[in-house]
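S.K.: Structure here, sequence nowhere to be found:
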């Protein structure tokens, strides 16, 4: 079977009175979730309960080179379209998906993603509840509680049923595929999640760091004079690591911190409280952990550079 457009798959469970949901490939360059689903189906196993599975950005994934496009050329990021007014083709897909989910009334929803740089796996959710920690523990051992609002799937369903986004790790790391498959298997076969979940470390309130509109950036081993921001070519090496104010995070040009937008939950730019500049070197003002750090030029410029978790 070959898929050419966003698709729902219904996998009947041993217990037909219950349903769980799985979303994969909302971003076309994040394949671990759909690979896990494909492997599960090929193995011919039956889930404990019904599974409603959604495969999203198939058109983007099939744009050559395969699994390299976050969304289709001339398209929109599907995982920013799960809110009114649901404009354009991606908005229509998001609205249809939400309608199908509300019809099925799943007891839980897992949204499987990959990180855009080298990183351990972690979960993200908007509500700090025990059920969300338990769901995350089926897959990995860290959970981020975010109060940022971007139009993502988990925001649209946060009060309907427990929803967790799982970032399985870097898309180019085979271990991410394996983690997604192992977690998918546990999620599909479990009678009760609490019986198989592991303890998780919970972190709160990430700050999203973006380039200001019109700003330019590069990845390099040292400052590039022609751009506003330079980040090290291997900046993703410290994903989830603790970064001290004495370390050089990157280099800024004449515009200094004005090229950065560090957005908190209220949409305020808190760059001056998060960063400092010393002779052109970009540093952190306080010890912090970085997450979702990317070395993908397109993602860095069009979406997000990274997130920061101030160390408590």
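M.R.: Thanks, I have the structure now. None of the values given here were measured: they were computed from a predicted structure. Numbering: from 1, shown residues only.
S.K.: Let me see the ranges of the strands in the stretch 151-300 of the chain.
M.R.: Counting by DSSP state E, counting those that start in this stretch, the stretch 151-300 of the chain has these strands, from start to end: 163-170, 201-204, 207-211, 217-219, 229-231, 242-243, 250-252, 260-263, 275-278, 281-284, 288-291.
S.K.: mind putting the ones you listed in TSV, mean pLDDT and mean neighbour count included?
M.R.: Backbone N, C-alpha and C define where each C-beta goes, glycine included. Shown next, in TSV, are these (pLDDT from 0 to 100; neighbours: other CB atoms under 10 Å):
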stretch	mean pLDDT	mean neighbour count
strand 163-170	97	27
strand 201-204	94	15
strand 207-211	96	20
strand 217-219	97	20
strand 229-231	98	24
strand 242-243	91	16
strand 250-252	97	22
strand 260-263	95	21
strand 275-278	96	16
strand 281-284	97	18
strand 288-291	93	22
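S.K.: Could you work out the end-to-end span of stretch 211-231 for me?
M.R.: Using CA to CA, to the nearest Å, the end-to-end distance of stretch 211-231 comes to 12 Å.
S.K.: how close does residue 23 get to residue 170?
M.R.: Applying CB to CB, to the nearest Å, the value for residue 23 to residue 170 is 20 Å.
S.K.: Quick one: residues contacting residue 133.
M.R.: Contact criterion CB atoms under 8 Å, 6 or more residues apart in numbering gives 143, 197, 200, 202 as the residues in contact with residue 133.
S.K.: right, I mislabeled it, should have said residue 175
M.R.: Contacts for residue 175 were tallied using CB under 8 Å, 6+ apart; they are residue 169.
S.K.: Mind pulling up the pLDDT for it?
M.R.: Taken from the predicted model, the pLDDT recorded for residue 175 is 97.
S.K.: swap in the one 4 residues further on?
M.R.: According to the predicted model, the pLDDT of residue 179 comes to 98.
S.K.: what do you get for residue 1?
M.R.: Per-residue confidence (pLDDT) for residue 1: 57.
S.K.: do the same with residue 312
M.R.: Value listed for residue 312 in the pLDDT field: 59.
S.K.: and if you look at residue 4?
M.R.: As summarised for this prediction, residue 4 has a pLDDT of 82.
S.K.: nearest residue to it other than its sequence neighbours?
M.R.: What sits nearest to residue 4 in space, not counting adjacent residues and going by CB to CB, 6 or more residues apart in numbering, is residue 58, at 6.5 Å.
S.K.: my read: that neighbour touches residue 5, true?
M.R.: Yes: taking contacts as CB atoms under 8 Å, residue 58 lies within contact range of residue 5: 5.9 Å.
S.K.: Looking at the two, which has the bigger crowd around it?
M.R.: Here residue 58 and residue 5 are compared on neighbour count by other CB atoms under 10 Å; more neighbours surround residue 58, at 18 against 9.
S.K.: Can you give me every residue that contacts the more buried one?
M.R.: 3-7, 25, 28 are the contacts of residue 58 under CB under 8 Å, 6+ apart.
S.K.: And residue 182, by the same measure?
M.R.: Here residue 182 is in contact with residue 139 (criterion: CB under 8 Å, 6+ apart).
S.K.: For residue 138, see how far away it is.
M.R.: Counting by CB to CB, the separation of residue 182 from residue 138 is 9 Å.
S.K.: Where does pLDDT dip in the protein?
M.R.: Where the chain drops to pLDDT under 70, the residues are 1, 312.
S.K.: now the longest strand anywhere in it, how far from the chain's geometric center?
M.R.: In the chain, assigned by DSSP state E, the strand with the most residues is strand 15-24. Relative to the mean C-alpha coordinate of its chain, strand 15-24 is positioned 21 Å out (CA atoms, centre = their mean, to the nearest Å).
S.K.: For the strands of the stretch 151-300 of the chain, give me JSON lines that also has distance to residue 131.
M.R.: What follows is the strands of the stretch 151-300 of the chain, written out as JSON lines (distance: least, CB to CB, whole Å):
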{"stretch": "strand 163-170", "distance to residue 131": "9"}
{"stretch": "strand 201-204", "distance to residue 131": "13"}
{"stretch": "strand 207-211", "distance to residue 131": "25"}
{"stretch": "strand 217-219", "distance to residue 131": "39"}
{"stretch": "strand 229-231", "distance to residue 131": "37"}
{"stretch": "strand 242-243", "distance to residue 131": "29"}
{"stretch": "strand 250-252", "distance to residue 131": "39"}
{"stretch": "strand 260-263", "distance to residue 131": "28"}
{"stretch": "strand 275-278", "distance to residue 131": "36"}
{"stretch": "strand 281-284", "distance to residue 131": "33"}
{"stretch": "strand 288-291", "distance to residue 131": "23"}
